[in-house]
Every structure is written in structure tokens, then in C-alpha cells.
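S.K.: can you look at this prediction? I've put the sequence above it.
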Amino acid sequence: MLNRTADSVARATPEPLARKVRGISDKGLAWLFISPTILLLLAINIFPLFWAIYLSFTNYRANRPNEVVKNLGLANYRRILGDQDIWIAMQTTAHFVFWTILLQTLIGFTLAWLIDRKFRGHAFWTTIILVPMMLSPAVVGNFWRFLYEPQIGLFAYAISFVSGIPPTDIQMLSNVSLAPWSIIIVDTWMWTPYVMLICLAGLRSIPEYIYEAAEVDRASNWRQFWSITLPMALPFIMLAVLFRGIENFKMFDMVNLLTGGGPGSTTEVASITLKRQAFESWRTGYSSAFAIILFVAVFGLANIYVKALNKVKQR
Amino acid sequence: MSLTTAHSVVAPSANAKLIAGTIIVAYALISIVPLLWIFATSFKTPPDSIAYPPKVVFQPSIEGYCNLFTTRTRQTPEYINSLGPATGFCDETVRKRNMVIAGPSNFLPRFVNSLIIAFGSTFCAVFLGTLSAYGFSRFKVPLADDLLFFILSTRMMPPIAVAIPIYLMYRELGLSDTALGMILLYTAVNVSLAVWLLKGFIDEIPREYEEAAMIDGYTRLQAFWRTVLPQATTGIAATAIFCLIFAWNEYAFAALLTSGTAQTAPPFIPTIIGEGGQDWPAVAAGTTIFLVPILVFTILLRKQLLRGITFGAVRK
């Protein structure tokens, strides 16, 4: 497969000339090109990962580097799996991931389907809709704190204008039952365009002739949607869900800036717990164990999901 | 256009288009409001920014931008009167609030940090990414699929989980709170995106070009340099912009691993405070300056956006 022509030419020519044609051997060049990346990843990703695995078996604390490090075996892991707070954080994360993905998929797909009606100016408005997702979640999330301010904030004002609730009562960030939703709203605002864009690609990948055939068979619009549009766009929708799922499972910046996990720990998603344990309580060993558990969870779930995705694609 | 009759059967009716268009325009307008509000707030005076009801019409002022770039101290009116005439608009505005400019704020150095770290890491990631992508695209690399998946999997870890050992490692190596440390880290994170995207782009360039060049006497390396790179320019540019946007927007690593000299803008902007709380016009001004480059890039990138956000999984 590899440049067979050049290779056969090189082989057929006398030795000195062949060397000139080939230069460095392809194999050598391949490694020369790939190894810097691999080395960098080994140094910045893999070595620290192994270090974290080692630390997860110890009681090391980063703020007391001179203390004797004790090997605890699996004690950290056992404590995490029995820790009530960790389970609450996992539930908070699950709640957040579930609702953001549900909302973003529903709204994103609907928007994509509407854009695919190809009305005049659809390209321009699509670009406008896409803007929020390119911006820094931290910097924009921070500004949402201002929009959420009970009285002076635009969001609270708009809601009270529509609903009649006094604006001082709309405490999005400090009310225990509203705070999780305040994060879901910002995340949905920001990432619905992402899902929309992928769904749009899915819808556009459906060949026109299938609809034409359905039209000839007098299939109703409803029927066309359920038997053609949705099944054929499904792999794309699932891909969008995969990417959003991984991202939101890791969610840190927006939550950290909007609520910091509060009020209390009502919005404390896994990343926030991890940060509190690792960089505020300085329980480095313990939090490393938690980090490893999280990584295994994301990795495992993503792998299972990708298998399911491939099955859908093959159908 | 002989297919027009067949096509018109499936084309949405004029009514459907109108309804779809209305909903999309409405969504687009509502979703853009928070951004317009940031922009508007950056031109409000602090009292205007916290007025109730929120002010849509207001006298524009650049006080927010003044406050963003300076630090100020409160002084007695007598002291302010004893000073010479105000130099420039900012000085004048600040004095009206019984303050004097004490010096420049940290915004500019933080912004410069963002520029250095974002461009530095993008350059490294794209450089390494182009080489690896070419390697994976053109040569039989043993365990290629596993290596590619390994490169990608490095992005699945929560940033905080990565930050714990990186924090310790950087402390040992003296890389804590340095631009070099952040550039290395962002390069490592971005190189996965770069490899995946660029492999897609290079796969699309026919091998015949290089083969022809090599028959003409070029070495493999020369063929790569003279034929592949020029054709991959669009792909490389798009990849670079995606890496740049990631590094520019990144918050978690920056917040945990930098505190002073190498701090970037995203962790700095939320800390801008005035007297008695957050100085929202200044925050909005910083946010505006920070977002404008990304807006420009998003518009430039429209066509490649889909590819970039899905790691090349969806090309179209």
C-alpha cells in the first residue's frame, strides 16, 4: 500500500541512487515524526497518571511534603466508596449530566431540524446561534452571575417580567432548589449549539432520494420523520451525546464560578469535590484515589457507549 | 437542474419555511442577549450597571475600561483639588468619584500571558501534531489504532484529576506558575486534538502527489515539505485556530496551577473587584476584550467548525 510506485522505482535503481530516492527509511521517518508527540504525552500525561496511582495508595499531603509518607494499601479507595459525601457528589453530577444532555439534545435536534428547512438566511442565523459555544465557559459563566443577580440581573428581571414573581425572590444562585438549575440553564445555553451543529450534519447526510422514494410511496410527514429522519440521524445524535456526556462529567469551570459548589454542597459536582479535597483540604492521596476512580468511570462508560454507537452505525 | 421536479416534492412548503425561520431567528436573538448585555454593560457607569430595572438605554461611558486597566484609591476632595489638572479622560472620570489612579491594574499582564501561552502552546501542538498526523496517515505504524486512541484518551480525564500530579511535578521541577509550564501542559492537551484533526486532513490529500514528487527525485522528507504541507495549509490553519481557542478559553488548569506571574486572563477576570463587590462594568470590559478575538475566529472558522468540535469524527 505504501507508495508502491516510488518503492519499486527505488528498488530497481542502483544502490547510490536508491538511497537518494528513499532518503531516511520510511520506518525511521515514521518514528521520527511520531515519537516527539508520544514523548510529550508520556511526560505530561502518563507519568503524572502513574504518580497519581502511586499517591492514591498513600496518605501523602501536598501541603506537608516533608512528612513521612505511609502506604495505606486500598484504604483510600475503600473510604471513598463508603463516603456519603462522594456519593452525593456523584448523584449531583449524574443529575447535572442527565438534564443538560436531555435538554441540549431535544432543543439542539429541534433547532437543527428547523434549520434544515433551509429558509432564507439560515446560514447567517446558524452562525449567530453557534457563537456561545466558542466562548470561554469560565469567563462567560462568570458574567452569568451578574445576569442571575436577584434584582439588578437581567435574567431575574426578565423572569419576573414574564411571571410576575417579585425580582428579589428569584434567587437563582443562593436558593437550594434553584441553584442546580441555574447551572443547567447556562450549560444548555452554551452547548445546545454544539449538539445542534452535529445533528445538522446528521440531517444533511440523509440522501434526498430516500425522501423522494417515501414521497412516491405516500408516506406521511410524520411517518417519514420516525422511519427515515430520526433513525438516520441517530448515530450523529449519539455522538453528540457522547461528547457532551464526557465534557459535562468533567464539568468544573462554570460550576466553580457560578456557585462554587454552593449553596452548601447542593451543586457540588465531582470535579468540585475533587478540587476541595485536593487543593483546599490537601488530602492528596485521598483525592488521587478519587481521581483514578473518576477516570476509570469515564473511560469505562465511554467505551461501553462507543460499542453501542458502533452497533447503531452498522444497522 | 433536471431534478427540480423531483426535488420540489420534498422541499419544505413556504409556510413551513416561514415558521422554521421565525423560531430560529427568535432563538438566535434570545441566545445572543447575554452577549449583547456583556457588551452593553462594559459601556455603563457602575451606578447604571446596577440600576433597577436594568437599564437598556443609557449614557455610554468608558469608565468600565478605565477601571479595568487601572487601580484606584479613594482620596479626600481637598487632596484631589490640590492635584494638577486631570490628564486624560480616565483620570477625569475617576476623580469625579473621589478617587485617583494609583497605577496600572494586572489586566494587561494577564492578557499578555494569555497571548503568550495560547500562541506558544498552539504552535507546539500544531508542529508536533502535523508530524504525527503525517506519520499515522502515511506509514504503517505498529499499534496505530491503539496509539491514536491513547492520544485521544488523554482528553477524557477531568482536568482537576490531571492537575493534582502535574501540580506536584511542576513544584519539583520549578515549573509552577511559569509560562513554560503552562505551554507544555496546553500543548499536551491540544496535541491530541491536533493529531486527530490533521490526520483527517492529510488523509484527504492523495498520496499520488508525494509519489510523483519522489519519482522526480525528492526524498520523502522533501516530498512532505514541498507537496503535503502546502496542500494541508487550510487544515493546519483550522487546527491551529481550534487549539488557540482551547488554550485561550482554558480555566481549570490556569486557576489551579498559576497564581501570579503566569496567570492567564480567565482566572483573573472573575477577581476584578471594585469598592463593595464586583465591578461589573470593568468585568464586562475585560470580558468583551477577551471575547472579541474568539468571535472573529468563529466567523472565520464556520466551515470547519463541525470537524473541529468532533475531533474530526464528523467531516461532511
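M.R.: Cool, the structure landed.

S.K.: B:Phe201: what's its closest spatial neighbour, skipping adjacent residues?
M.R.: Nearest residue to B:Phe201 in three dimensions, chain neighbours excluded: B:Gly235, at 2.8 Å (Cβ to Cβ, 6 or more residues apart in numbering or on different chains). Where you see a C-beta, it was placed from the backbone N, CA and C, and this is true even at glycine.

S.K.: list the buried residues of the helix or strand encompassing the one you found.
M.R.: Remark: B:Gly235 resides in helix B:233-249, with elements defined by DSSP states H and E. Using 16 or more other Cβ atoms under 10 Å in any protein chain shown as the burial criterion, the residues of helix B:233-249 that qualify are B:235-236, B:238-249.

S.K.: please apply the same query to stretch B:83-101.
M.R.: By 16+ other Cβ under 10 Å, the buried positions in stretch B:83-101 come out as B:Ala86, B:Cys90, B:Asp91, B:Thr93, B:Val94, B:Arg95, B:Arg97, B:Met99, B:Val100, B:Ile101.

S.K.: distance between the ends of it?
M.R.: 12 Å (Cα to Cα, to the nearest Å).

S.K.: and it, how far out from the chain's middle?
M.R.: Mean-position distance between stretch B:83-101 and its chain equals 34 Å (Cα atoms, centre = their mean, to the nearest Å).

S.K.: show me chain B divided up by domain.
M.R.: Using automatic domain parsing, the domain parsing of chain B gives B:4-42, B:46-105, B:108-266+B:291-309.

S.K.: hang on, the earlier thing: test my guess that the residue nearest to B:Phe201 contacts B:Leu198.
M.R.: Yes: using Cβ atoms under 8 Å, B:Gly235 is in contact with B:Leu198, at 6.0 Å.

S.K.: that older thread, and of the buried residues of helix B:233-249, the nearest to chain A?
M.R.: B:Asn249 (3.6 Å; Cβ to the nearest Cβ).

S.K.: just give the nearest non-adjacent residue to the closest one, would you?
M.R.: A:Ser136 (3.6 Å).

S.K.: quick one on the thing from earlier: read off the pLDDT value for the residue nearest to B:Phe201.
M.R.: Reported pLDDT at B:Gly235 in the predicted model: 90.

S.K.: do you know how far A:Ile101 is from A:Trp113?
M.R.: For A:Ile101, the distance to A:Trp113 equals 18 Å [Cβ to Cβ, to the nearest Å].

S.K.: who has more neighbours, those two?
M.R.: Between A:Ile101 and A:Trp113, counted using other Cβ atoms under 10 Å in any protein chain shown, the more crowded position is A:Ile101 (21 against 18).

S.K.: list the contacts for that one?
M.R.: A:Val241, A:Arg244, A:Gly245, A:Asn248 (Cβ atoms under 8 Å, 6 or more residues apart in numbering or on different chains).

S.K.: enumerate every residue touching A:Gln224.
M.R.: If you count contacts by Cβ under 8 Å, 6+ apart, then A:Gln224 has A:Tyr211, A:Ala214, A:Glu215 around it.

S.K.: separate out the buried members of the residues you listed.
M.R.: A:Tyr211, A:Ala214.

S.K.: let's have the contacts of A:Gln224 in JSON lines, adding secondary structure.
M.R.: Shown next, in JSON lines, are these (DSSP: H, G, I helix; E, B strand; the rest coil):
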{"residue": "A:Tyr211", "secondary structure": "helix"}
{"residue": "A:Ala214", "secondary structure": "helix"}
{"residue": "A:Glu215", "secondary structure": "helix"}
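
S.K.: of the contacts of A:Gln224, which ones also sit close to chain B?
M.R.: Restricting the contacts of A:Gln224 to those near chain B by Cβ under 8 Å from any Cβ of the partner chain leaves A:Tyr211, A:Glu215.

S.K.: and the angle for the helix or strand harbouring B:Ala282 with helix B:233-249?
M.R.: If you go by DSSP H and E, B:Ala282 is part of helix B:280-301. Using axes from the mean of the first three to the mean of the last three Cα atoms, to 10 degrees, one finds that helix B:280-301 and helix B:233-249 are set 160 degrees apart in direction.

S.K.: the stretch 1-150 of chain B: strands as residue ranges?
M.R.: Residue ranges of the strands in the stretch 1-150 of chain B, as given by DSSP state E, counting those that start in this stretch, are B:70-74, B:99-104.

S.K.: count of neighbours near the closest residue to chain A within the stretch 151-300 of chain B?
M.R.: Per Cβ to the nearest Cβ, B:Thr219 is where the stretch 151-300 of chain B lies closest to chain A, at 2.8 Å. By the criterion of other Cβ under 10 Å, B:Thr219 has 17 neighbours.

S.K.: how much space between it and B:Thr227?
M.R.: In terms of Cβ to Cβ, B:Thr219 sits 12 Å off from B:Thr227.

S.K.: which residues touch the residue of the stretch 151-300 of chain A found nearest chain B?
M.R.: Per Cβ to the nearest Cβ, A:Ala291 is where the stretch 151-300 of chain A lies closest to chain B, at 3.3 Å. Neighbour list for A:Ala291: A:Ala52, A:Ser56, A:Leu274, A:Ala278, B:Met157, B:Pro158, B:Ile160, B:Ala161, B:Ile164 [criterion: Cβ under 8 Å, 6+ apart].
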